[in-house]
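[1] dropping a prediction and its sequence here:
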Amino acid sequence: MENPLKIEYIDTDELKPFVGNPRDHSERNINDIERSIKRFGWTNPIIVRRSDNMIVAGHGRVEAAQHQGLEQVPIIYVDMTENDAKLYSVADNRTSETSEWDYGNLTELLAELNGLPDIDLGDSGFDSIEVDELIGDPDFGDPMINSRPTDDLGAFDITEFQTTVKQLILYFDGAEYPELLERLDRAREAEGAGDNSQLFLKMLDLYEKDHERLDG
């Protein structure tokens, strides 16, 4: 039987970042990690290569710890070649991206937790605007509810387009929302569209016409 994983603590200034790390951590991401550490403590140690203290996985967590002024972080040492360490760094980040949200369950869970006295949904990683978008739209992630005719769009699935747009909006930094919504309002008014779905249809129509012009 293999030895169980051993968690150790190390000074952050002894860790060596992976030069060429393919994963970038935005300011929001670091802030979200900080909030998670403050709320839940350390639940995910840093993965470090034993031979040179290179960070294999956990650069964002180390940066968040440094922002908090923490001098030590929990780590797990691994014995990997340099190439395996680099490959694992990619795999660790990529495998977290290839899963998908079940927006029905997510919405129900956030609605259940919302308003409880000891819960701040900001600690979930979703900001207040994103939470309002999810909880306030019971059909989020269910494109069949708001199915629209697609005869004028050929084989294009407008319901899939609408869902994709909603999912993309969730990845905007919360600080960008006021400007984004203002621009949408101006565009909707200029186009005489009744709602965002109509505005997106107009945008799509312009996109298709532009491509037809370029192809012609």
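    Received it, and whenever you're ready, just let me know what you need.

[2] please make it C-alpha for all contacts and neighbour counts, starting now.
    Fine.

[3] would you mind pulling up the elements that the helix or strand encompassing Thr107 packs against?
    Assessed by DSSP states H and E, Thr107 sits inside helix 103-113. Counting contacts by 3 or more Cα pairs under 8 Å, 6 or more residues apart in numbering; DSSP states H and E, helix 103-113 packs against helix 128-136.

[4] elements contacting the helix it packs on?
    Short answer (3+ Cα pairs under 8 Å, 6+ apart): helix 128-136 packs on helix 103-113.

[5] after the lengthiest strand in the chain, next one along is what?
    Using DSSP state E to define each element, the chain has its longest strand at strand 72-78. Counting by DSSP H and E, the next helix or strand C-terminal to strand 72-78 is helix 82-97.

[6] show me the contact partners of that next one.
    Contact partners of helix 82-97, identified using Cα atoms under 8 Å, 6 or more residues apart in numbering, comprise 21-23, 49, 56-57.

[7] show the pLDDT at Glu14.
    For Glu14, the model assigns a pLDDT of 94.

[8] tell me how far it lies from Tyr88.
    Distance, Glu14 to Tyr88, using Cα to Cα, to the nearest Å: 21 Å.

[9] repeat that for Arg50.
    Using Cα to Cα, one obtains 15 Å as the distance from Arg50 to Tyr88.

[10] doesn't Ile47 belong to a strand?
    Yes. Assigned with DSSP: H, G, I helix; E, B strand; the rest coil, Ile47 falls within a strand.
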